[in-house]
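Enquirer: Using only what follows, build the 3D model:
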Amino acid sequence: MAGRDRFAGGDQDYLRDVQYRDPSRLTARANLHARYSTSPIGWFDWVVSQIDWPQSAAVLEVGCGPGWLWAATAPRLPPGLRLTLTDLSPGMVSVARARVAGLAHFDALEARQADVEQIPYDDGAFDVVVANHMLYHAPDPVRAVAELARVLRHDGVLVAATIGPRHLRELDEIRFEILGGPVRKATAEAFGAVSGATILGQSFGAVTWRDYEDELHCTDPDDVVAFITSTPPGESATPAQRAALRHAVDVRMEAGDGVLVVSKQTGLFLARAPR
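Expert: Sure thing, here's the model as predicted:
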């Protein structure tokens, strides 16, 4: 996978066995959004509000992670959903299964390890398919989207959340200042708010984008450093580099009267009518 960022789909072994072996690194990133979001509606609640849920729908989430989406929103979903959770990481599948199995809201639950580019289900098996901030991890997003279209019923909907190139740019600036690396945001290039429309259009007849309006007002530098060091190249930072990251964050917070404002550019695609 020469030329690809290993976080943005370049190294599935790394994603399965290191980055997403368990929820710890993802939690460091999610914590920043959960603690410092200024949106009046939380991300998970917003996502499920964008979907017209059929009664007793068959639902697939690819890249389910720890199952947070369903645990956070179960009371707001229609009863009787039949939920299938998949993830490349067996560790994530295990955590998600345990978290969601305790919820009485779903009529059926299956959780299994699976590759989004080789989904082990029949054509037209699902009414709703959810890919929440994960398609940029696929080695071939075009192939992954084609698989999602294959398992979706013709009147179903794919919900594909992702980011734009300006997402968290203030954190990217700090990372680049201390650790170097590419200025580009590889995730947005692989499957983002701009590139994703073209990729989805190859497999779906109708694709729309919806923005999630939010901004982070961060007040604890340790949370910011934990976020930056949860992914490459920050995860390999030396103690001296971590100290430099902390100093860079402190300087910016001091300039902001104790607050580091971080921009967000995120949302989701709704894709319908597989070709």
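
Enquirer: backbone phi and psi for Pro221, please?
Expert: The main-chain torsion angles of Pro221 are listed as degrees, to the nearest 10 and equal phi -60, psi -30.

Enquirer: separation between it and Ser24?
Expert: Shown here: Pro221 relative to Ser24, a distance of 20 Å by C-beta to C-beta, to the nearest Å. (C-beta placed from N, C-alpha, C; glycine too.)

Enquirer: Of those two, give the one with the bigger neighbour count.
Expert: In terms of neighbours (other C-beta atoms under 10 Å), Pro221 is the more surrounded of Pro221 and Ser24; the figures are 18 against 10.

Enquirer: what are the ranges of the strands in this structure?
Expert: Listed in chain order, the strands of the chain (DSSP state E) span residues 58-62, 82-87, 108-113, 126-132, 152-163, 204-212, 215-218, 260-263, 266-274.

Enquirer: any chance of these in TSV, with distance to Asp172, mean neighbour count and mean pLDDT too?
Expert: TSV is the format used below for these (distance: least, C-beta to C-beta, whole Å; neighbours: other C-beta atoms under 10 Å; pLDDT from 0 to 100):
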stretch	distance to Asp172	mean neighbour count	mean pLDDT
strand 58-62	26	24	98
strand 82-87	26	23	97
strand 108-113	32	16	95
strand 126-132	21	24	98
strand 152-163	11	22	97
strand 204-212	19	15	97
strand 215-218	13	18	98
strand 260-263	10	19	98
strand 266-274	14	21	95
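
Enquirer: Pipe these into TSV and attach distance to Ser94 per row.
Expert: Shown next, in TSV, are the strands of the chain (distance: least, C-beta to C-beta, whole Å):
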stretch	distance to Ser94
strand 58-62	15
strand 82-87	9
strand 108-113	8
strand 126-132	19
strand 152-163	23
strand 204-212	29
strand 215-218	30
strand 260-263	32
strand 266-274	27
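
Enquirer: Which among those strands is found nearest to Asp13?
Expert: For Asp13, the closest of the strands of the chain is strand 108-113, at 13.8 Å, according to C-beta to C-beta.

Enquirer: Give me the residues contacting the longest helix along the chain.
Expert: The single longest helix within the chain, with elements called by DSSP state H, is helix 239-255. The contact list for helix 239-255 (C-beta atoms under 8 Å, 6 or more residues apart in numbering) reads 170, 174-175, 177-179, 218-219, 221-222, 224-225, 228-229, 234, 237, 259-260.

Enquirer: So Glu189 versus Gly42, what's the distance?
Expert: Taking C-beta to C-beta, one finds Glu189 at 28 Å from Gly42.

Enquirer: Check Arg166 too.
Expert: Using C-beta to C-beta, one gets 21 Å for the distance from Arg166 to Gly42.

Enquirer: And Pro165, by the same measure?
Expert: In terms of C-beta to C-beta, Pro165 sits 24 Å off from Gly42.

Enquirer: got it, and Val100?
Expert: 18 Å.

Enquirer: For the closest residue in space to Asp211 that isn't next to it in sequence, list each beta-bridge partner.
Expert: In this structure, Asp211 finds its nearest non-sequential neighbour in Gly267, 4.4 Å apart by C-beta to C-beta, 6 or more residues apart in numbering. With DSSP bridges as the criterion, Gly267 is bridged to Thr162, Asp211.

Enquirer: Can you report phi and psi for the nearest residue to Ser49 once chain neighbours are set aside?
Expert: Taking C-beta to C-beta, 6+ apart, and ignoring the residues beside it in sequence, Ser49 has Ile41 as its nearest neighbour in space, at 7.4 Å. The phi and psi values for Ile41, taken as degrees, to the nearest 10, are phi -130, psi 130.

Enquirer: Correct me if wrong: Ile41 contacts Val47.
Expert: No: distance between Ile41 and Val47: 9.9 Å, which falls outside the contact criterion (C-beta atoms under 8 Å).
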